[in-house]
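J.: Build me a model:
(chains A and B)
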Amino acid sequence: MTDELLMMRIDDDDFDEFRDPLKALCEGFPGAYWRALEDKPADQRYPTEFVDALMASGFLGALIPEEFDGAGLSLRIAAVILETIHSTSCNAGAAIGQMYLSDILVRHGSQAQKQKYLSAIAAGDMRFLASAITETETGDDLAQMATKAEKRGDVYVVNGAKQWVNNALHSDLMLLLARTAPGTADDPTAGLTAFLVDTKTALKGGMSGQAIDAMNNDGGSDLVFNGLELPLDAVIGEVGKGFEYYKKLAQVECILYAACASGDSAFFSERAVTYANERVVFGRPIAYNQGIQFPISKAYVEVQGAKLISNKAAAVYDSGQQPGPLASMAKHMACEAAWQMADACFTTHGGFAFAREYDIERKWRDARVMQMTPQGSTTLLTDIAVNDLGMPQI
Amino acid sequence: MSEQSVEFALGEDYPEYRREVAKVCEDYPPSYWEHLENQPPSGSYPTKFVEALTKTGFLSALIPAEYGGLGLPVRGGAAILETIHAAGCTAGPCHAQMYTMGTILRHGSDAQKDKYLPKIAKGELRLQAFGVTEPTTGSDTTQLKTRADKVDGGYKINGQKVWISRAGHSDLMLLLARTTPADQVEKRAHGVSTFLVDMRVAKENGMVITPIDAMINHNTTEIFFDDVFIPEDSLVGQEGRGFRYILDGMNAERCLVSSETIGNGRYFLREAIKFSNEHKRFGRPMSATQSVQFSIAQAYAQLETADLMVRKTAAMFAAGMKCGAEANMSKILSGEASWACAQVALSIFGEAGMNKSSSIQRKWREARTARNSPISPNMVLNFIGQHVLGMPRSY
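T.: All right, here's what the predicted structure looks like:
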């Protein structure tokens, strides 16, 4: 009976063989490195050296199958890699796309696309870091997106604009979702098509981009498409199926971002406990005060729970099934827990929480933003309510 | 067993036990429980339900087969209790029959095991009462004041216990009492002993049980001991080591009651989703609003998370690993999750849920109580802060 059920291992701090070298790599990029980037203008904040080091490490090719020279590892291990990066002063946002965007090529790409790109992505020679989905006017309502790709002869001509496209100006390849046909009454998301864009070429003509000055350094940019021509073989999979592909990709994305949140939680809890134990006020370490200790302990409990549901989502994915709304649950719970721990850490540090040299305020800003991106809690809760619990689509 | 190889099952484990339990529960609809609540404390025990459950043998789930039990791991018991609560019933009046025997099983003598376990497994002997908490010391268990003084052939018990559930419906009680005065022991946890008290005899010898009228129908009592003699062979394990024995059993208990709490959560969600999908307000189903959807989805995500922690704890317990942190985390996560489910269900049902004939309000009261007992969430946070995160003892 129970033999038929999926089994999950109890351990969540395993895979030291991945964690240890990554921690060593991240030590080379301490808080001072990230703070210095934030002092620069918006278009110069990209952590080039950090991303170069990660690309060279080979870790980002974890999910690419071995037949395309990737490591062919499980999503669980990919999650461990990101969790480890985020447990340090570092943030994987500038490089995370390299790990999972190629999943859409593995699943739906043509043989030619796979041969051309996957090995190069696995080796880090080609960067696939950006996905252009969201638009200014329509936000999460993807069915209403206005960017169009019109077939004219042997090219698609793209016109429109995308917003919050992270790392677009630092990537060789970009996933673009654009409308090739109107949606139907039954399915307003029909008619969206996925394209693989060569960004370096596109930036020379037809596409322009500008870095967004935001409260955190996540490399967001605005893109404008003005007659960008894409060859026919830029289409990924079937024309008109882009939304379906993107939904599958988003599940992987959710599980990986949950791992980033889990890493942030580890960073905050370690910092919070250390500071609470060392900081003496009123004649004793502040950790003696339940007002300090309980929020940290409570957040820790939430974090441990979130790790389990994240691991469950990865286990389901690794067993060959689609995790569906379970991936939404993982991301939602992990980001909520990370925010709780971030805020407990912030409170624990008192005035020093605002002092940039502690890195608390920087990671705290990141944790807050991660609750909203790439998929916000409202989107995730709606997915759970509608697709798992059978409540109506509003 | 190495840590690497310990796993737990996802999804509906122990399906045939769940099915059988659910079938028994069908005969005990909300009206049965409502009727009991309208009785005075002395008449509110769900005798028929407990008898039916006893007949199935499910309450012997954790007793090894050699003593006549089902010999299931803790997770098996957890699945049974979760199912009872998800069906709208309440296992509180009898769940202790499942786990209180663990102290005898792990620390009792062979003679005690042979004498008691087969009868407990059959339901001929009820071991449902667990005498730990006292009115003046609460969670500060090691400071308990009930004394067991050595006398010829046994011990004399003097003192008082409170919140001792099911004492009026149990033949035996596991009792924690001090055998060496607190000022004569090295560590505060020392000098406390565990006894298996035959309450049928003790009631004739100075033990008085008084029911407590409480917010939920939990058949809980206050117990007074006035020179109650118990024979020497009532002692379980070594004298003075009782606190440790009790702690050992608490992880299993927390795992099991957390499962009940999760069962309650499942009950609330099922009812809330059904009600909000079926009832229209402002021209559309109540569930077609984000305030309803998000509250339910949030509570559900919490419940699914808590469920995994319970499964993890059970797997660790079964593997003989230290699982105090996980058991405590199960307790707090399930309590918070179930309460979120309870709140959203009561809000969605509105007056229909507040009516005494509705199980929503009854389960809602249960859900709130489950956050306070059997361990205070503050003590859980103390444990995590001190023993997991390495912060100082704050109390």
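
J.: in the chain, which spans are helices?
T.: Reading this off chain A. Applying DSSP state H to chain A gives helices spanning A:16-27, A:31-38, A:48-57, A:75-86, A:97-100, A:103-108, A:111-113, A:119-123, A:199-204, A:242-278, A:290-318, A:325-348, A:360-370, A:377-383.

J.: wrong one, chain B
T.: B:15-26, B:30-37, B:47-56, B:74-86, B:96-99, B:102-107, B:110-122, B:199-202, B:242-278, B:290-318, B:324-349, B:351-354, B:359-372, B:377-383.

J.: Convert the fifth one to PDB, retaining C-alpha atoms only.
T.: Yep, that's helix B:96-99 we're talking about. Output of helix B:96-99 as PDB, limited to C-alpha atoms (Å, rounded to 0.1, in the frame of the first residue of the first chain):
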ATOM      1  CA  ALA B  96      -4.700   8.400  25.300                       C
ATOM      2  CA  GLN B  97      -5.500   4.700  25.200                       C
ATOM      3  CA  MET B  98      -3.300   4.700  22.100                       C
ATOM      4  CA  TYR B  99      -0.100   6.300  23.500                       C
END
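
J.: Leaving out chain neighbours, which residue sits closest to B:Thr194?
T.: Closest residue in space to B:Thr194, ignoring its immediate chain neighbours: B:Gly242 at 3.6 Å, by C-beta to C-beta, 6 or more residues apart in numbering or on different chains. To be clear about C-beta, it is placed using only N, CA and C from the backbone, and glycine gets the same treatment.

J.: Name the residues of the stretch 1-150 of chain B found near chain A, please.
T.: Contacts of the stretch 1-150 of chain B with chain A, taken as C-beta under 8 Å from any C-beta of the partner chain, map to B:3-4, B:6-16.

J.: Pick out the lowest-pLDDT one from those residues.
T.: Lowest-confidence member of the residues of the stretch 1-150 of chain B next to chain A: B:Glu3, scoring 47 (pLDDT).

J.: For my notes, please list the residues of the stretch 1-150 of chain B next to chain A in CSV and give neighbour count and distance to B:Ala86 for each entry.
T.: Converted to CSV, those look like this (neighbours: other C-beta atoms under 10 Å in any protein chain shown; distance: C-beta to C-beta, whole Å):
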residue, neighbour count, distance to B:Ala86
B:Glu3, 12, 31
B:Gln4, 10, 33
B:Val6, 17, 26
B:Glu7, 16, 24
B:Phe8, 23, 19
B:Ala9, 19, 17
B:Leu10, 19, 17
B:Gly11, 10, 15
B:Glu12, 13, 11
B:Asp13, 18, 14
B:Tyr14, 23, 13
B:Pro15, 14, 13
B:Glu16, 8, 16
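
J.: Now the residue of the stretch 51-200 of chain B found nearest chain A. Nearest residue, chain neighbours left out?
T.: Among the residues of the stretch 51-200 of chain B, B:Arg75 lies closest to chain A, at 9.1 Å counting by C-beta to the nearest C-beta. Spatial nearest neighbour of B:Arg75, excluding adjacent residues (C-beta to C-beta, 6+ apart): B:Ala314 at 3.8 Å.

J.: Contacts only, for whatever residue of the stretch 101-250 of chain A ends up closest to chain B.
T.: Nearest residue of the stretch 101-250 of chain A to chain B (C-beta to the nearest C-beta) works out as A:Asp140 at 12.8 Å. A:Asp140 makes contacts with A:Thr134, A:Gly376, A:Thr378, A:Thr379, as judged by C-beta atoms under 8 Å, 6 or more residues apart in numbering or on different chains.

J.: Likewise for A:Gln44?
T.: Counting by C-beta under 8 Å, 6+ apart, A:Gln44 makes contact with A:Leu37.

J.: Let me see the confidence value for it.
T.: A:Gln44 is given a pLDDT of 96.

J.: From A:Val239, how far out is A:Cys197?
T.: Careful, residue A:197 is Val; it's not Cys. 16 Å (C-beta to C-beta, to the nearest Å).
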